[in-house]
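# Sequence and predicted structure below; questions after.
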Amino acid sequence: MARTAPLSRRFYRRDAVTVARALLGQRLVRVCHGGRVAGIIVETEAYLGVADKAAHTCNGRRTPRNKSMWGDGGHAYVYFTYGLHHCANIVAGRAGDPVAVLLRALEPVEGLDIMYTRRTGARRDRDLCSGPAKLAKALAIDRELDGLDLTGDAAMYVERARRRPVPADQIIAAPRIGIDYAGVWAHRRLRFYLRDNPYISRR
DNA sequence: CCCGTGATTTAT
DNA sequence: TAAATCACGGGG
């Protein structure tokens, strides 16, 4: 697998929708003592800061948990939910603008054997990373990575797997998942995934 | 459909 | 201090 530099600060310091679309087709890499695993990002969701009722930072909320979202673009925001799941986001925009992109699904491309050991019960490659908590588990992402700078060559980063963005006609925009409480924001098409890709999350 | 699970947040 | 909430997943 060809090595490329992590995506730059400039890449992430844009609005969350742009980053959510631009991340599609890029490669998320996780390195730890368990080994190196990676997957192509095939599904994302944008969370639009203080105005977005579905965002953890709606109405300007600033809590210990969402601290990373308030920081500069290109850092991880990892949180724990439902008593057993982690979800991984990448902060977009600039410090003080709490927008982020939730990573919802990957197409596994490297270290699948390691992923299977972490995702007991997964029967097919499609089961490994087809959901935000599944990919967090497969890549051993937990709160220890919260706040990590993804533009450094660190324990996790995104590599450019393609030079040009995925063409717009290959990206489906749909309502976000699991935020029915968010009123009109529940209808906004802020979920993005690759058309016809078999590795996106179910539902 | 239903529910486990526990950190986090918000309400008292 | 207590209660409600929750950007989910797996099993019927």
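Ah, there it is.
# How about the residues of chain A by DNA strand C?
Proximity of chain A to DNA strand C is confined to A:45, A:47, A:54-57, A:69, A:77, A:81-85, A:87, A:89, A:100, A:102, A:119, A:121-122, A:127, A:131-134, A:176-179, A:181, A:201 under the rule CB under 7 Å from any atom of the strand. C-beta coordinates here come from the backbone N, C-alpha and C atoms, glycine included.
# Which of the residues you listed fall in helices?
A:127, A:132-134 (DSSP state H).
# Let's see if you can find the most crowded of the residues you listed.
Within these, neighbour counts (other CB atoms under 10 Å) peak at residue A:132, which reaches 25 neighbours.
# Give me the nearest residue to that residue, chain neighbours excluded.
Spatial nearest neighbour of residue A:132, excluding adjacent residues (CB to CB, 6 or more residues apart in numbering): residue A:87 at 4.5 Å.
# Settle this for me: that neighbour is touching residue A:133, isn't it.
Yes. Contact criterion CB atoms under 8 Å: residue A:87 and residue A:133 qualify, at 6.2 Å.
# Narrow the residues of chain A next to DNA strand C to those that are buried.
A:45, A:47, A:54-57, A:69, A:77, A:87, A:89, A:100, A:102, A:119, A:122, A:127, A:131-134, A:176-177, A:179, A:201 (16 or more other CB atoms under 10 Å).
# residues making contact with stretch A:168-184?
A:21, A:24, A:45, A:52-54, A:104, A:185-195, A:201, A:203 (CB atoms under 8 Å, 6 or more residues apart in numbering).
# I'd like to know which of those residues are part of strands.
Among the contacts of stretch A:168-184, the ones falling in strands (DSSP state E) are A:45, A:104, A:191-194.
# give me the residue from chain A nearest DNA strand C.
Per CB to the nearest atom of the strand, residue A:178 is where chain A lies closest to DNA strand C, at 2.0 Å.
# any idea how far the nearest residue to residue A:146 once chain neighbours are set aside is from residue A:103?
With CB to CB, 6+ apart as the criterion, residue A:146 has its nearest non-adjacent residue at 4.3 Å, and that residue is residue A:78. Distance of residue A:78 to residue A:103, given as CB to CB, to the nearest Å: 10 Å.
# Next: residue A:17.
Between residue A:17 and residue A:103 the computed distance is 15 Å (CB to CB).
# Compare the two and say which is more crowded by neighbours.
residue A:103 (27 against 19).
# give me the number of residues near the residue lying closest to that one once chain neighbours are set aside?
Sequence neighbours aside, residue A:88 is the residue nearest to residue A:103 in space, at 5.0 Å (criterion: CB to CB, 6+ apart). Look at residue A:88: counted by other CB under 10 Å, it has 24 neighbours.
# do residue A:171 as well
For residue A:171, using other CB under 10 Å, the count is 17.
# May I have the phi/psi pair for it?
Dihedral angles of residue A:171 (phi, psi; degrees, to the nearest 10) stand at phi -110, psi 130.
# give me the beta-bridge partners of it?
Using DSSP bridges, the bridge partners assigned to residue A:171 are residue A:194.
# Any idea which residue is closest to the centre of chain A?
residue A:103 (2.0 Å; CA atoms, centre = their mean).
# Need the pLDDT of it.
Listed pLDDT for residue A:103 reads 98.
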